[in-house]
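Student: Following is a predicted model, sequence given first.
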Amino acid sequence: MDDLLRWPDLVVIIISMAGILALGPIFARKNKSSENYFLAGRSLPGWLVGFSLMATIISSMTFLATPGYTYGNNWIYMPTHFTYLIASLLAIFLFMPFFRKGHVNSAYEYLERRFGPWARYYAGAGFILFQISKAGIVLYAVSLPFEAMTGLSIPWFILILGFVVGFYTIAGGLEAVIWADFIQSIIMIGGGLVCLPIIIMKLPGGFSQIIEVGKADGKFFMGDPSSFDIYQRTFWVMILNHIFWYSHLMCTDQMAVQRYTAIKSDKQARRGILVTVFTTIPIWVYFTFLGTAVYVFYKVVPSAGIKDMLAEQALPYFILTQLPVGVAGLVIAGLAAAAMSTLSSIVSATAQTMTTDFYRRIFVKDRDETHYLKAGRISSFAFTAISVLAALIIHWTRTSALVDIQQMCITILSGGLLGLFLLGFLTKRVDNFSAFIATVITIISVVTWLFFKSDYGVENFPGVAAKIPDNFMINVLSNTFIFAFAYLFSVIFKRTCKKKLENLTIWTS
């Protein structure tokens, strides 16, 4: 596809990136403290933060992987997207009020207040390691279609995108990230919306042909709700997994918590989360349908160029060959915008966690805000560089090692994190020691689970591996186990929490 990009498209891409770059210096002058830098002075409007969170969650993976999957397969993941509403309601009515009432700087600061420093360091370290691997994967993944579309080598694109993201994030802080997310979300949505009408106009049978061919080829299949088998990725296993995953994302992930603690009022914060819900779910539905539409288009209007491509390359190929000059550039800019939104959010939230939960908490205490502002910028620079390096390592080694690390980090270090927060919010009885023992046992259990479900475990211990549920159940069972075990442990050994719990549980608020 490297000969398909036209110079007007390239001009549109360059202009959009230049506009985003300008946000850094614009907001840099407003940052006089670490709270201004990481939380925008807790003064942002809800609607703006809602768009920002939507842009972060959507990411370039939605732009590529979602239509790519439905192009090559079906709608099996579609029902799981609606569980995001459940997670968002949990955030609105339980998690968000606690974080805002406690005036915390990070989600993990609450865990220290409730259970002690170990909980804060465990959660913070898990978040940082996971985000480093995630940033590398997102940056590398988005570079693949850009290499094919522009002819620019992957390392150069990684460096350029890393520079753009790093510049406005390091200079402008969260407020620059939030406004960049808003602009990028408009570009991303606009770019995506252009594609479907063109497909409909070019198909002989129009919209109805997409439905007829897609239905005939089983492209709209969404799973069988009549079956439930924890040993396979059945309909209900996927639903349960995503309820817990989205709840983890919306309720305990610092990228989400950073945003709704930066909003100026509780009412605005609730509005912001609702804006996220009612924009994110329709976008997921749209890009799911778009993948099916591209499949139908190339079945009805065959192209020799599409035959040997991966499913994820089908939409970029359509953009470059079927969209008008300049419009294609807008859509490609939307793809880059989706990646930049996710990356800048990772850099900002990870730098805040490092600065607040580790540097300020352990290493350098009681310094003035100018010092922590400088530390925050240094952390942002460091994590930008680490993200670029992680993406380059994936490219140079051509290995899925970082993908594996990402899965290991989120599963081992954060597998029971939602349950730990719920223990804090919902119980007065569970003490520090009970929560710690439950967390350690959960981590050991998850590591054992992953060992037996690995290729080595399946090959050498097939009998044991066959009795262990599918990995999609880890998130469900680990969070359930940590909550149940900690509570039962405190009851059996007659342990109760001795510390003051004012504003730390729903019963003491």
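Tutor: Thanks, I have it. If you're wondering where the values come from, they're calculated on a predicted model, not measured in any experiment.
Student: Only C-alpha atoms from now on, for both contacts and neighbour counts.
Tutor: Noted.
Student: Where does the prediction get shaky in the stretch 251-400 of the chain?
Tutor: Using pLDDT under 70 as the threshold, the predicted model of the stretch 251-400 of the chain has low-confidence ranges 398-400.
Student: hey, where'd the strands end up in it?
Tutor: In the stretch 251-400 of the chain, no segments count as strands under DSSP state E, counting those that start in this stretch.
Student: Tell me which residue lies nearest the centroid of this structure.
Tutor: Central residue check for the chain by CA atoms, centre = their mean: the C-alpha nearest the mean position is that of I57, 4.8 Å away.
Student: show me what contacts the spatially closest residue to that residue that is not a sequence neighbour?
Tutor: Ranked by CA to CA, 6 or more residues apart in numbering and with sequence neighbours excluded, the top spatial neighbour of I57 is T342, at 7.1 Å. Taking CA atoms under 8 Å, 6 or more residues apart in numbering as the definition of contact, the neighbours of T342 are 55-57, 59-60, 135.
Student: how many neighbours does the nearest residue to P316 once chain neighbours are set aside have?
Tutor: Distances taken as CA to CA, 6+ apart place P145 nearest to P316, at 6.8 Å, with adjacent residues excluded. The burial count assigned to P145 is 23, neighbours taken as other CA atoms under 10 Å.
Student: And for A385?
Tutor: As a burial measure, A385 scores 17 neighbours (other CA under 10 Å).
Student: same question, K307
Tutor: Applying other CA under 10 Å, we find 11 residues neighbouring K307.
Student: same question, Q209
Tutor: In terms of burial, Q209 registers 17 neighbours under the definition other CA under 10 Å.
Student: Check the gap between it and T439 for me.
Tutor: Spatial separation of Q209 from T439 under the definition CA to CA, to the nearest Å is 53 Å.
Student: from what I can see A91 touches M250, true?
Tutor: Yes. With contact taken as CA atoms under 8 Å, A91 and M250 are classed as touching, separated by 6.3 Å.
Student: ok, back up a step: spell out which helix or strand contains the residue nearest to the centre of the chain, please.
Tutor: With secondary structure defined by DSSP states H and E, I57 is part of helix 46-72.
Student: Run through who's touching the following helix or strand past that helix.
Tutor: Beyond helix 46-72 on the C-terminal side, the first helix or strand identified by DSSP H and E is helix 78-81. Contacting residues not belonging to helix 78-81 are listed as 222, 238-239, 242-243, 281, 284-285, 288 [CA under 8 Å, 6+ apart].
Student: How about stretch 14-33?
Tutor: 36-37, 40, 164-165, 167-173, 175-176, 179-180, 333, 369-370, 372-373.
Student: can you count the residues close to A293?
Tutor: With neighbours defined by other CA under 10 Å, the count for A293 comes to 28.
Student: That one contacts I199, correct?
Tutor: Yes. At 7.1 Å, A293 counts as touching I199 under the criterion of CA under 8 Å.
Student: Can you name the element that comes right after the helix or strand of the chain with the lowest mean pLDDT?
Tutor: For the chain, scoring each helix and strand by mean pLDDT, DSSP states H and E identifies helix 401-408 as the least confident one, at a mean of 54. Following the chain from helix 401-408 toward its C-terminal end, the next helix or strand by DSSP H and E is helix 417-426.
Student: helices and strands around that next one, which ones?
Tutor: helix 107-115, helix 235-251, helix 432-453, helix 474-492 (3 or more CA pairs under 8 Å, 6 or more residues apart in numbering; DSSP states H and E).
Student: Would you mark the buried spots in the very next helix or strand once past the shortest one?
Tutor: Right, the one you point to is helix 107-115. Next in sequence after helix 107-115, counting helices and strands by DSSP H and E, comes helix 117-150. Neighbour counts over helix 117-150 (16 or more other CA atoms under 10 Å) mark 117, 119-150 as buried.
Student: that older thread, ok, the residue nearest to I57 to M17 distance?
Tutor: Applying CA to CA, one obtains 15 Å for the distance of T342 from M17.
Student: What is the burial count for G218?
Tutor: Residues contacting G218 under the criterion other CA under 10 Å number 12.
Student: Show me the helices in the stretch 251-400 of the chain, by range?
Tutor: 254-260, 266-300, 314-322, 327-353, 369-397 (DSSP state H, counting those that start in this stretch).
Student: okay if I get those as TSV plus distance to I482?
Tutor: As requested, the helices of the stretch 251-400 of the chain are arranged in TSV below (distance: least, CA to CA, whole Å):
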stretch	distance to I482
helix 254-260	21
helix 266-300	27
helix 314-322	42
helix 327-353	24
helix 369-397	31
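Student: hang on, the earlier thing: check the residue nearest to P316 and give its pLDDT.
Tutor: The pLDDT attached to P145 in the predicted structure is 73.
Student: go on, P469?
Tutor: Per the predicted model, pLDDT is 92 at P469.
Student: count of residues packed around it?
Tutor: Taking other CA under 10 Å as the definition, P469 ends up with a neighbour count of 18.
Student: now it, what's its secondary structure?
Tutor: Three-state call for P469 (DSSP: H, G, I helix; E, B strand; the rest coil): coil.
Student: The spatially closest residue to Q232 that is not a sequence neighbour - how many residues pack around it?
Tutor: Counting by CA to CA, 6+ apart, the nearest residue to Q232 once its immediate chain neighbours are dropped is D470, at 5.6 Å. The local packing count at D470 equals 18, with neighbours defined by other CA under 10 Å.
Student: Would you confirm that D470 contacts F228?
Tutor: No. Here D470 does not reach F228: they are 12.0 Å apart, not a contact under CA under 8 Å.
Student: list the buried ones in stretch 230-243?
Tutor: So, applying 16+ other CA under 10 Å, buried residues of stretch 230-243: 230, 233-243.
Student: Which member of the residues you listed is positioned nearest G192?
Tutor: Taking CA to CA as the measure, H242 is the one of those closest to G192, at 24.5 Å.
Student: any idea how far the closest one is from F472?
Tutor: With CA to CA as the criterion, H242 and F472 are 9 Å apart.
Student: One more: F93?
Tutor: 27 Å.
Student: For these two, indicate the residue with more neighbours.
Tutor: The neighbour count for F93 versus F472, taken as other CA under 10 Å, is higher for F472 (20 against 11).
Student: Identify the residue nearest A180 in space, chain neighbours excluded?
Tutor: The shortest distance from A180 to any residue other than its chain neighbours is 6.1 Å, reached at I20 (CA to CA, 6+ apart).
Student: from memory M473 sits against I230, does it?
Tutor: Yes. The pair M473 and I230 qualifies as a contact (CA under 8 Å) at a distance of 7.0 Å.
Student: so what sits against both of the two?
Tutor: Applying CA under 8 Å, 6+ apart, one finds that M473 and I230 are jointly contacted by V237.
Student: hang on, isn't T280 packed against M54?
Tutor: Yes. Because the distance of 5.6 Å satisfies CA under 8 Å, T280 is recorded as touching M54.
Student: Neighbour count: the two, which is higher?
Tutor: Between T280 and M54, M54 has the larger neighbour count (other CA under 10 Å), namely 27 against 24.
Student: pretty sure that one contacts T276?
Tutor: Yes. Taking contacts as CA under 8 Å, M54 lies within contact range of T276: 5.0 Å.
Student: that older thread, R429: which of the helices of the stretch 251-400 of the chain is closest?
Tutor: For those, proximity to R429 was assessed by CA to CA; helix 254-260 is nearest, at 25.7 Å.
Student: Show me what that closest one is in contact with.
Tutor: Under the contact criterion CA under 8 Å, 6+ apart, helix 254-260 has outside partners 38-39, 46, 49, 53, 96, 99-100, 105-107, 127, 249-251, 269, 272-273, 345-346, 349-350, 353.
Student: got the CA positions of that helix in CSV?
Tutor: Listed in CSV are the C-alpha atoms of helix 254-260, where the atom choice follows Å, rounded to 0.1, in the frame of the first residue of the first chain:
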residue,chain,number,x,y,z
GLN,A,254,-5.5,5.4,37.5
MET,A,255,-6.2,6.7,33.9
ALA,A,256,-9.9,6.8,34.7
VAL,A,257,-9.6,7.9,38.3
GLN,A,258,-7.2,10.7,37.4
ARG,A,259,-9.9,12.1,35.1
TYR,A,260,-12.9,12.1,37.3
